[in-house]
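[1] When you get a sec, could you give me coordinates for this:
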Amino acid sequence: MSSEMPTENPLSAEVPGVEEKINSNDSQVKKGEPASDKAESVGVMSKRQMKKLMKQKQWEEQRDLRRQKRKEKRQKRKLERQYQLESNNEGSARKRMRMDVVPSTLRLIIDCSFDNLMVLKDVKKLHKQIQRCYAENRKALHPVQFYLTSHGGQLKDNMNENDKGWVNWKDIRISSEHYNELMKKEDLVYLTSDSPDVLNELDETKAYIIGGLVDHNHHKGLTYKKAVEQGIGHAQLPLGNFVKMNSRKVLAVNHVFEIILSYLEKRDWKEAFFSVLPPRKGASPLGEANDSSKCELHEKEAGEDNSDSD
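    Below is the predicted model:
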């Protein structure tokens, strides 16, 4: 008698759980979604999404920063435009000012022949004063014809050491020669506070000399004596006619130079003096300082007139 027995999968009998795994795989194959491919797909999408979210978050966090940067950029452009406009206006003003410049025919000389009478510290002070004269003359509305004469010795050595650019100075004549060798004797006028002659008007055909001496009044009357010995003209600025000073009337080289430049522009000695004189000189207008003495003088004169009439 033959009977057929159901066949069994030999692997399933020998290895427990194999059948379950096979069935599970079969179900996945039927659905058409391999487990490994699905997991990989889910992983890639998650990373992309994560990056997108991070970028979005950074964008939101930096919104205020971007706004601030845009604002700063606008302000910077505005300031640049304003600066450019001001620079153009300033340049135009300077150009107009330079167009208004009318050089004077007046010659102004700094006599540097006193080198042996000064210590190095005073020579350095003179050098700075000459630098100031040069700078003021370059920007003056009526620049003078500027000369340095008898240039040499300590002064020249100091200039070579500390101001090598002096050899390129413009609108100035620097010479080792004495002013007598460069100018006519009749044109020369030595400016000295010891002179009895007062300079009420500047003669622009003349050559005025300023003594290049920083001596703290150790050589009083030296420049006046020099002018008399050489037989050249001499005069003092009309300082006493307009100014009352607490200190001595001797002025620094650059102060005399600047007062003359100022007078050429303003044509007023009083304005020229008070635009230049430093506060330490204690300068005050003579009229305001001596009102009481003027009253006493008038009373005295009136008394004399009455006595004469008797």
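
[2] Leu85: neighbouring residues, count only.
    10 (other Cβ atoms under 10 Å). Yep, even glycine has a C-beta here, placed from its N, CA and C like the rest.

[3] Make sure it is indeed in a helix.
    Yes. Leu85 forms part of a helix when assessed by DSSP: H, G, I helix; E, B strand; the rest coil.

[4] That one and Arg70: what is the separation?
    23 Å (Cβ to Cβ, to the nearest Å).

[5] do Asn137 as well
    Counting by Cβ to Cβ, the gap from Asn137 to Arg70 is 51 Å.

[6] Which of those two has more residues huddled nearby?
    The neighbour count for Asn137 versus Arg70, taken as other Cβ under 10 Å, is higher for Asn137 (22 against 10).

[7] give me the element that one is part of.
    Following DSSP states H and E, one finds Asn137 within helix 120-139.

[8] So what touches that helix?
    110, 112, 115, 118, 143-144, 146, 148, 154-155, 158-159, 162-163, 169-172, 212-216, 252-254, 257-258, 261 (Cβ atoms under 8 Å, 6 or more residues apart in numbering).

[9] Pick out the residue nearest the middle of this protein.
    Ala135 (12.4 Å; Cα atoms, centre = their mean).

[10] all helices for the chain, in order.
    Secondary structure of the chain (DSSP state H): helices located at 10-14, 18-31, 35-61, 63-100, 120-139, 153-162, 179-182, 222-230, 239-242, 253-266, 269-276, 286-289, 291-309.

[11] For Asp203, list the residues it contacts.
    Applying Cβ under 8 Å, 6+ apart, the residues near Asp203 are 106, 189.

[12] Ends of stretch 51-69, what's the gap?
    25 Å (Cα to Cα, to the nearest Å).

[13] buried sites along that stretch?
    Using 16 or more other Cβ atoms under 10 Å as the test for burial, stretch 51-69 gives no buried residues.

[14] go on, stretch 201-210?
    202, 206-210.

[15] Also stretch 186-197?
    For stretch 186-197, by 16+ other Cβ under 10 Å, it's 188-195.

[16] for stretch 217-224, same thing?
    222-224.

[17] Excluding sequence neighbours, find me the nearest residue to Gly153.
    Excluding the flanking residues, the one nearest Gly153 by Cβ to Cβ, 6 or more residues apart in numbering is Asp115, at 3.7 Å.

[18] For that neighbour, give me its contacts.
    123, 150, 152-155.

[19] Buried only: go through the residues you listed for me.
    Using 16+ other Cβ under 10 Å, the buried ones in the contacts of Asp115 are 123, 150, 153-155.

[20] I'd like the distance between the residue nearest to His178 when sequence neighbours are not counted and His234.
    Once flanking residues are discounted, His178 sits nearest to Ser150: 5.5 Å by Cβ to Cβ, 6+ apart. Ser150 is 18 Å from His234, where distance means Cβ to Cβ.

[21] which residue sits closest to Phe273 in space, ignoring its chain neighbours?
    That would be Val243: by Cβ to Cβ, 6+ apart, it lies 5.2 Å from Phe273.

[22] Quick check: beta-bridge partners of that neighbour?
    Pro285 (DSSP bridges).

[23] That one reaches Ala272, doesn't it?
    No. Contact criterion Cβ atoms under 8 Å: Val243 and Ala272 do not qualify, at 10.4 Å.

[24] Could you list the buried residues of stretch 100-112?
    104, 106-112.

[25] quick one: average pLDDT of that stretch?
    Across stretch 100-112, the average pLDDT comes to 95.

[26] Poorly predicted segments of the stretch 101-250 of the chain, please.
    247-249 (pLDDT under 70).

[27] Would you mind measuring from the spatially closest residue to Leu286 that is not a sequence neighbour to Arg132?
    Among residues not flanking Leu286 along the chain, Lys244 sits closest, at 5.1 Å (Cβ to Cβ, 6+ apart). Relative to Arg132, Lys244 is positioned 25 Å away (Cβ to Cβ).

[28] related to what we said a few turns ago, the residue nearest to Phe273: what's it in contact with?
    270, 273-274, 277, 283-286.

[29] now Ala207
    106-109, 147, 179, 183, 187-189.

[30] Which pair in those residues has the greatest spatial separation?
    Using Cβ to Cβ, the pair of the contacts of Ala207 lying farthest apart is Leu106 and Tyr179, separated by 14.5 Å.

[31] Let me know the closest of the buried residues of stretch 201-210 to Leu65.
    Ile210 (64.3 Å).

[32] Report the beta-bridge partner residues of that closest one.
    Ile110, Leu191.
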